[in-house]
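K.L.:
task: produce atomic coordinates for the following.
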Amino acid sequence: MKYEARKITLRDGRTCTLRSPEKNDAPEMLRYMVQVLGESPYLLATPEEFAAVPIEKEEAFIENGLSDGRSVMITAFDGERIIGTADVRGAGHRLRVSHRCGMGISILKEYWSVGLGSAMMEALIDCARKMGYEQLELEVAAGNRRAIGLYLKYGFKVYGCRPHVIRYADGSYADDYLMYKTL
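P.N.:
Alright, predicted model coming up:
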């Protein structure tokens, strides 16, 4: 599904555009991923993993997302710079899980606490409903209090905890919470 561009104003007065990424956004998307993965210990990949992704692979990923009527990717731009991404994707292609979808959000640190997460969450919930989903699901690192607060604000509930989901380079681990929201 393609998300049509719309401008939003953040709490600090900055404006940004929410829209689906396009194939020509692939280099900027990879640059963004390397930066955001380096800023947060709560995401599953490392910056090094994305630094090695070929542009062609990212272009194909973007094109596949645009052609899939059961998923959407929303990218936040400040000018030409990507500052956040969010997505909804189906839980699977089987009929018995076709009512469920997963979601994720990432935002550059300098754009935390200015309303971008809320704007992206509202857009994702709206898109999930339009695509006919009945349940929105996510996983979040148990220590990510900022994200958990956002999800609770929008009616998500914790239904489980998985131990040692993330293993860090120093040998320590992080648990995650499983959350859902009925649409």
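K.L.:
any idea which residue sits dead centre in the chain?
P.N.:
Ile105 (2.5 Å; CA atoms, centre = their mean).
K.L.:
what segments of the chain are strands?
P.N.:
Along the chain, counting by DSSP state E, strands occupy 6-9, 15-19, 72-78, 81-90, 100-107, 135-141, 157-167, 173-182.
K.L.:
what's the last one in contact with?
P.N.:
Right, strand 173-182. With contact meaning CB atoms under 8 Å, 6 or more residues apart in numbering, strand 173-182 is reached by 41-42, 125, 134-143, 148, 151, 154-168. All C-beta atoms are positioned from the backbone trio N, CA, C, and that covers glycine.
K.L.:
selecting buried members of the residues you listed in ChimeraX, what would you type?
P.N.:
The buried residues among the contacts of strand 173-182 can be selected in ChimeraX (16 or more other CB atoms under 10 Å) with this line:
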select :42,125,136,137,138,140,141,142,148,151,156,165,166
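K.L.:
mean pLDDT per helix and strand in the protein: which one sits at the bottom?
P.N.:
helix 47-51 (a mean of 88; mean pLDDT, DSSP states H and E).
K.L.:
report the distance from it to the chain centre.
P.N.:
Distance of helix 47-51 from the chain centroid (CA atoms, centre = their mean, to the nearest Å) equals 17 Å.
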